[in-house]
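Trainee: only geometry, no sequence info:
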């Protein structure tokens, strides 16, 4: 399993997030790697990742990919996926908005219920967001409604950045993904759904 985390000036958050992820993996006996893709952070994020890699290296492999400039979240995920070694590929934001304690539940859905993609939705029972203003909530809900209606995606939260894919899904659709920014999330759902319908 590979968990890809894009970062840009997330030193404080990453210092909290990575230990939490390592703890969840260790506690649940999950073998995996954490890949941080950093877009030239100015706050020492990369140095903090290196420190954590030394600290937790005996428990979990933590890898850092440094890029010379800010290139977009979609681009960061594609870079991380290209370097990932796992059979299951996770997306997770570096700002503490995603709870690592849910990682085992994602894995159960993928492996026991034979899902190909699992999305951590903010719009289902038990989902939600913290510290979002009303404008951001409206924009998120509107974007999801529009994407769902226009593209017939059949998911509750097409813009969520907390998700897991089986590697073969990424391999099948990777060449079709063009977006470098936030539209990447919607595009991934669209092509994964389209591919599933065509192959199923």
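Mentor: Arrived safely, thanks for sending. Model, not experiment: these values are computed from the prediction.
Trainee: can you map out the helices along the chain?
Mentor: With helices called from DSSP state H, the chain shows them at 11-27, 45-56, 73-83, 103-111, 134-151, 167-173, 183-199.
Trainee: ok, and what's touching the first one?
Mentor: Okay, so that is helix 11-27. Among residues not part of helix 11-27, those counted as contacts by CB atoms under 8 Å, 6 or more residues apart in numbering are 3, 5, 7, 30-32, 34, 36, 41, 43-45, 47-49, 52, 56, 59-60, 62, 92, 94-96, 100-101, 103-104. Every residue, glycine included, has its C-beta placed from N, CA and C.
Trainee: pull out the buried residues from that helix.
Mentor: Neighbour-count burial for helix 11-27, with 16 or more other CB atoms under 10 Å as criterion, is recorded at 11, 13, 14, 17, 18, 21, 22, 24, 25.
Trainee: pLDDT value on residue 72, please?
Mentor: Confidence per residue is given as pLDDT, and for residue 72 that number is 87.
Trainee: as JSON lines, the helices of the chain with distance to residue 120 would be great.
Mentor: Written out in JSON lines, the entries for the helices of the chain read as follows (distance: least, CB to CB, whole Å):
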{"stretch": "helix 11-27", "distance to residue 120": "14"}
{"stretch": "helix 45-56", "distance to residue 120": "23"}
{"stretch": "helix 73-83", "distance to residue 120": "15"}
{"stretch": "helix 103-111", "distance to residue 120": "7"}
{"stretch": "helix 134-151", "distance to residue 120": "13"}
{"stretch": "helix 167-173", "distance to residue 120": "16"}
{"stretch": "helix 183-199", "distance to residue 120": "12"}
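Trainee: just those: most buried one?
Mentor: helix 73-83 (a mean of 20; mean count of other CB atoms under 10 Å).
Trainee: what packs against that one?
Mentor: Contact analysis of helix 73-83 by 3 or more CB pairs under 8 Å, 6 or more residues apart in numbering; DSSP states H and E lists strand 2-7, strand 33-39, strand 61-67, helix 183-199 as its packing neighbours.
Trainee: what's the closest of the ones you listed to residue 118?
Mentor: Ranking the helices and strands packed on helix 73-83 by distance to residue 118, with CB to CB as the measure, places helix 183-199 first at 11.1 Å.
Trainee: could you tell me the least trusted of the helices and strands packed on helix 73-83?
Mentor: If you rank the helices and strands packed on helix 73-83 by mean pLDDT, helix 183-199 sits at the bottom with a mean of 66.
Trainee: shaky segments in this structure?
Mentor: Within the chain, the segments meeting pLDDT under 70 span 121-158, 175, 178-182, 194-200.
Trainee: one more pass at 80, please.
Mentor: 113-114, 120-161, 173-200 (pLDDT under 80).
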